[in-house]
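Trainee: I would like to see how this sequence folds:
(2 chains)
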Amino acid sequence: MAAFVPYTYFQCPCSDSSTLAQSSGSNSPSSAHPDPDDGGIDDDSDRAFDPRAPRSNYSLYPLEYLLYCEDCHQIRCPRCVAEEIVTYYCPNCLFEVPSSNLKSEGNRCTRSCFQCPICIGPLAVTSIETKPDPNLLAAPDSASHSGPYALTCSYCNWTSTEVGIKFEKPNSIHAQLAKLRNGGTSRLTAKERKERRKDPAYTSQRAAAGSERESSDWQEDLDLETQFANLKLFYQSQLADPNSADHGLSSLGDLGFSSPSSLSRIMSIYTGGSLHDKKAKSRVGAMREALESDEGLQLADLDESAAISRLRQEGYDGTASTEQLLEQPPNLGEEHLHGRARFTAELRPIPYLLRTKRSKRCPVCRHIISKPEAKMQTTRFRIRLVAGSYIPSIAIRPLSLSGAGGSFSSSSTTTVPGAPLEPLKPAHFLLTFKNPIFETVKVTLGTPARTPGRFASKVTVLCPVFEIGANTDVWDEALKDSSGSDRDGRRRRGKGDEGGGGGSGGGGLTNQIEVGKIWERGRNWVSIVVEVMPASLHLREDEGDLPLREEEDVLEIPMFVRVEWEADVGGDEVGSAAHGRDSKEAREKRELAYWCVLGLGKIRRS
Amino acid sequence: MAQSPGAPLPHRSVANIRSTPGGAGHHHQTGGPSTPLRPIPSNFGSPSGLRADDEIIIVEFGTRKLQVGFSGDPAPRGCVWFNPDQQRRVGDFRKWQRTDHQDQEWKSAAAWGLWGRDHELWQADVRAVDLGLVGDKIERTLREAFTKYMLIDSRPRRMVCVLPSGLPIPHLSAALDTIFSRFQPPTISLLSSPLAVAVGAGVRSALVVDLGWSETVVTSVYEYREVGSRRSVRGGRMLVERTHDTLSKHLPEREKETGNDAADGPRQYFLSFEECNDIATRLVWCKPRTDPSAAAQPSSEGLPTVHEQDEAESQYPSAPRETGTIRIPLKSCQSPLTLELPFDALAEPCESAFFESQYLHSSFDDHELPLHLLVYRSLLQLPLDVRAICMSRIIFTGGCSSVLGLRKRIFDEVAHLVRERGWDPVHGVKVDQLRANPKLKRKGARQANDGPTGVSSSSFSQPGGSEGEDGVWHDAANTVPEVDPVEEQLKRGADKRPRVQGELRAIESLGAWSGASLATHLKAPAIAAVDREIWLQHGAAGASRASDVDHKTQRQSLGPGGLMRGSAAGSAWTLGIWGVN
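Mentor: The predicted structure is shown next:
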């Protein structure tokens, strides 16, 4: 089992109101196991955020995913930003695709970039004739590369010849593939179909086929794209001129008379209300249904016995897995497979999905908060206001107590990072808050005394209110400290610290934990201690307790963080700290409040 | 007929007057005066107002997946399935580091009654559902679909939602709430999926058999209106559960020993949902209809089917049938193993989930009718002429229609039922006696003829099927109706080709999404259009009853016209068939 790594999640305030308002209702999700402690719906006022609720998975983000709007002074999560697309590109060939192509050619790369349908590895175009000889690899592609080409996967050795697809040219594979069916038979494009229809030889052959079988029974098997096109054509023709042959209305088409609505209106004028209900049937004539395959009607071929016997022969290995089918793009070139291909021989190479570079705006003030470089090759951003440079980050570390303190003589199992927590034995964690902004911030923490959920662990934040120093220049501090007394001691234990308003440093040289004292303090960071008493995960199965759910053994603390600081009025840049401090202008109090979730460790299962 | 170019405006205003509630001719919509209740063609209005500036997004909601794409495309651009991995926190990359330990995680979820439930967007049981969670799921899935497949930015776009017609209002409301508040579309139009399926098949009337995930719904569509709907819980979920049962039946005993025998959960699972689902999609097939004589025996379940059906005879030599075994590697049981089971065993789940032919027809409750019976009864309850049209336009759709042989089996079973019973709602031993008794027969037939129901064994079906009736019947059906000159004139403009009716026939549809794409592309009016501002103000409670508003909004006629007509005017709006009636 992998060692547990402590984590921190932040909840974007945008989901705050909705989450708390809606999930507090009686219709608690999937709580087949009603929580007796949670029965009070009336105490909405100080309802703690429950990180275990299914909905909180949708509002929690690691700090790296959050952005910050400098004008609204708010955290912005991926759910509450407006996005604009900067570039479309293929992740394989890194070719930038103009947005006009996107509409006509779809969302996939139309060059020669394909993924393996078996293992989604990238496919390479290789010549079938030349054997992949390692000695010849150095040789430049000379005349030997002439024969038919195939797509091969270098990871799982799948080649497109397995599904009977070969290409004549090594380039523009996408266009060639669109005309090929699995098994190598070619597929008619819409244009060819139309031309074939005009061909007298084809018409006679079709008539022969029609007379051979029952005339109404005969149909041309259409692939999905053609059926769609035929249907569209049919509907359009029906809507445009339903009865151009009989009446002269087609000449008035420009005025819109030939549409069924105006036609029926005119008809009603002429016939008035004199028609009985029976006659209403005649309205059907205004637009009929598709009657043949040229109009998009397809009779279903229900006989699937061939596929069944094939399934019997090929067995499990011959069929495609659910994941493989998911990766398949909708295959418009095939007839109805009732949705999807089934056998691995029916899988096709997957053209790469295009990707986008997006810039993000604050939805409220419309300021851009993230804008990548438009060029594909660069990974830089022109603008990127990540939340990590505006709100304090939280790092978690288990605190090892050497057993000197009398009441804290717990066994030192918690010292090993990632080791499971002993149930019912107090453990200590060091939370280090690091201030990224150039102002001194005041942090107020709040946690419920017992974590929500089935297994309530006790949580005590020993120092819930403290101040963190500004993120000034490193050299400032170094210069200041060198002039001061002992830099080392101050950094390590916060000894003799006068700066903080939340209380002076931890008590002296012993590793004593004191309530209301900061454990350690640095230039722009503060460490505090959290004491937890992990709950026992003992289940009384005879009383119908359900087994542990996934992640239920992780001790997670919801923590409400409130950050207050003073900044220049209207100062866009919180960063201009020096300027703000020098000019004693009116300063504005700002605050930011949000829920966090701290994953401290796994509780040992009993 | 001669019309000056300035004339469109008066016409438009006439149409507007008609569209107001309580307008003339609304109470008898099939009558003559209501004929012009068709949308205004787009070239009557100002073109710029009606034409969409950008593309319209079509979203099809299923219980397990969401399909999105642009209108006018033949197929959706992207299809996102709901799964538990998607419901994790952002930045939780656990699904990429599979360990053995995690392969067993499904067991605790199963104990919580979640076996497969976390692959669903919503359950039909609204009492237990957290609507906020449904909204969150929809939002995340839509966002993924938009970002990954559609490659669109977050500018507001008009949307069309394709929904099953039986969707509960809370679900609909949650979905609309989420989309309106998170994606800011100016309007959302609602389209019911059976209608869209019918449009996607090119027909105006159809019997749409939606072999869906949580239930199978048979909807009869007549002239683009839903005229009847029946449902059965026999759907994909049941198929997967039965697949699990079949597989676990073949598991060795040691795998079935579970640590917690005391768990009094409703079901015990030995295999994970993902694996059973995978096997159900890959390998489960459906036997062709067995000979009636064999099926009559109640114990036909375990018997190897020796009798072949006529059509399948050439395809099935009996030799490989004996030898066919399938080896299935299983991972989610306690120790990985390869299960070997006869190929025929893989038809069992389908048999027991959809047909259960070993039981009498009368032993099923209404909510769990076997599929062939469901289809038959749906047809039976339809009026005569509607049935004639619908029975020759059967469309199979939904996820389970890809089970090999299932469609044919249902079709054959229904055909057999029709042959056996005709369209007589009364059946049983006494009816058979009545039919067998030549003395009683004529009298009985006459009674049925005069009876108020009038839907008894009528003879519009194929001549071969009504071999028991005498000449009187055929005469009634074949009488040449009087020639009505007015109607003749009207019919002249109509199509002269006969419509196929009265015979059982299955046709293919492009599917609900593609049908909606067609309908939207052709600017057909949606069944209901909801404006963002109005929705955010009133919510679902603001919707008027469908019958109060305007029959036009309910009409699905494929005329040109604004998709969003009506709601833009700030008039009463409706949720269509989803609204409270």
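Trainee: quick check, residue B:191 in a helix?
Mentor: No. Counting by DSSP: H, G, I helix; E, B strand; the rest coil, residue B:191 is not found in a helix; it is strand.
Trainee: so what pLDDT did it get?
Mentor: We have a pLDDT of 88 for residue B:191.
Trainee: quick one: average confidence on the helix or strand containing residue B:161?
Mentor: Assigned by DSSP states H and E, residue B:161 belongs to strand B:159-163. Average pLDDT, strand B:159-163: 91.
Trainee: export the helix or strand following it as CSV, just CAs?
Mentor: Next helix or strand after strand B:159-163 toward the C-terminus (DSSP H and E): helix B:169-183. Output in CSV follows, covering the C-alpha atoms of helix B:169-183 (Å, rounded to 0.1, in the frame of the first residue of the first chain):
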residue,chain,number,x,y,z
ILE,B,169,-40.1,17.1,-13.0
PRO,B,170,-37.5,17.3,-10.2
HIS,B,171,-34.9,15.8,-12.5
LEU,B,172,-35.8,18.1,-15.3
SER,B,173,-35.8,21.0,-13.0
ALA,B,174,-32.4,20.1,-11.7
ALA,B,175,-31.0,19.7,-15.2
LEU,B,176,-32.4,23.0,-16.4
ASP,B,177,-31.3,24.8,-13.2
THR,B,178,-27.8,23.6,-13.7
ILE,B,179,-27.5,24.4,-17.3
PHE,B,180,-29.1,27.8,-17.0
SER,B,181,-27.0,28.9,-14.1
ARG,B,182,-23.7,27.4,-15.2
PHE,B,183,-23.7,27.7,-18.9
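Trainee: got the angle for helix B:169-183 vs strand B:159-163?
Mentor: Angle of helix B:169-183 versus strand B:159-163, following axes from the mean of the first three to the mean of the last three C-alpha atoms, to 10 degrees, is 160 degrees.
Trainee: residues in contact with helix B:169-183?
Mentor: A:79, B:59, B:61, B:122, B:126, B:129, B:131-132, B:134-136, B:138-139, B:142-143, B:154, B:156-157, B:159, B:161, B:163, B:185, B:188, B:190, B:530, B:532, B:535-536, B:539-540, B:575, B:578-580 (C-beta atoms under 8 Å, 6 or more residues apart in numbering or on different chains). Yep, even glycine has a C-beta here, placed from its N, CA and C like the rest.
Trainee: buried stuff in it?
Mentor: B:170-180, B:182-183 (16 or more other C-beta atoms under 10 Å in any protein chain shown).
Trainee: how about stretch B:152-161?
Mentor: Applying 16+ other C-beta under 10 Å to stretch B:152-161 flags B:152, B:153, B:154, B:157, B:158, B:159, B:160, B:161 as buried.
Trainee: these also near chain A: which ones?
Mentor: Among the buried residues of stretch B:152-161, proximity to chain A is found for B:152, B:153, B:154 (C-beta under 8 Å from any C-beta of the partner chain).
Trainee: turn those into JSON lines, columns for secondary structure and pLDDT.
Mentor: Output for those, formatted as JSON lines (DSSP: H, G, I helix; E, B strand; the rest coil; pLDDT from 0 to 100):
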{"residue": "B:152", "secondary structure": "coil", "pLDDT": "88"}
{"residue": "B:153", "secondary structure": "coil", "pLDDT": "86"}
{"residue": "B:154", "secondary structure": "coil", "pLDDT": "84"}
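Trainee: quick one: the strands in chain B?
Mentor: In chain B, the strands defined using DSSP state E lie at B:57-61, B:65-70, B:78-81, B:159-163, B:187-192, B:206-211, B:216-222, B:225-232, B:325-330, B:337-342, B:394-397, B:506-508, B:528-531.
Trainee: and for residue A:380, the neighbour number?
Mentor: 8 (other C-beta atoms under 10 Å in any protein chain shown).
Trainee: hang on, it packs against residue A:372?
Mentor: Yes. Using C-beta atoms under 8 Å, residue A:380 is in contact with residue A:372, at 7.4 Å.
Trainee: correct me, but residue B:111 touches residue A:546?
Mentor: Yes. Between residue B:111 and residue A:546 there is a contact under C-beta under 8 Å: 5.2 Å.
Trainee: what packs against the helix of greatest length in chain A?
Mentor: Secondary structure of chain A per DSSP state H: the longest helix is helix A:224-240. With contacts taken as 3 or more C-beta pairs under 8 Å, 6 or more residues apart in numbering or on different chains; DSSP states H and E, helix A:224-240 sits against helix A:190-198, helix B:512-521.
Trainee: those: lowest mean pLDDT?
Mentor: Taking the mean pLDDT of the helices and strands packed on helix A:224-240, helix A:190-198 comes last: a mean of 66.
Trainee: ok, which pair from the buried residues of stretch B:152-161 is furthest apart?
Mentor: B:153 and B:161 (20.4 Å; C-beta to C-beta).
Trainee: who touches the strand holding residue B:161?
Mentor: Strand B:159-163 has contacts (C-beta under 8 Å, 6+ apart) with B:56-61, B:71, B:172, B:175-176, B:179, B:183, B:185, B:187-193, B:196, B:512-513, B:516, B:520, B:526, B:563, B:578.
Trainee: just list what the helix or strand where residue A:459 lies packs against, helices and strands only.
Mentor: Element membership for residue A:459 (DSSP H and E) is strand A:458-461. Contacts defined by 3+ C-beta pairs under 8 Å, 6+ apart place strand A:458-461 against strand A:525-533.
Trainee: so what strands line up beside the strand it packs on?
Mentor: Paired with strand A:525-533 in the same sheet, following DSSP bridges, are strand A:427-434 (antiparallel), strand A:458-461 (antiparallel), strand A:520-521 (antiparallel).
Trainee: please name the nearest non-neighbouring residue to whichever residue of the stretch 151-300 of chain B sits closest to chain A.
Mentor: With C-beta to the nearest C-beta as the measure, residue B:202 is the residue of the stretch 151-300 of chain B nearest to chain A, at 3.0 Å. Once flanking residues are discounted, residue B:202 sits nearest to residue A:290: 3.0 Å by C-beta to C-beta, 6 or more residues apart in numbering or on different chains.
Trainee: now swap in residue B:388 and tell me
Mentor: residue B:501 (4.3 Å).
Trainee: let me see the contact set for residue B:501.
Mentor: B:388, B:389, B:391, B:392, B:460.
Trainee: most neighbours among those, which one?
Mentor: Of all the contacts of residue B:501, the highest neighbour tally under other C-beta under 10 Å goes to residue B:391, namely 27 neighbours.
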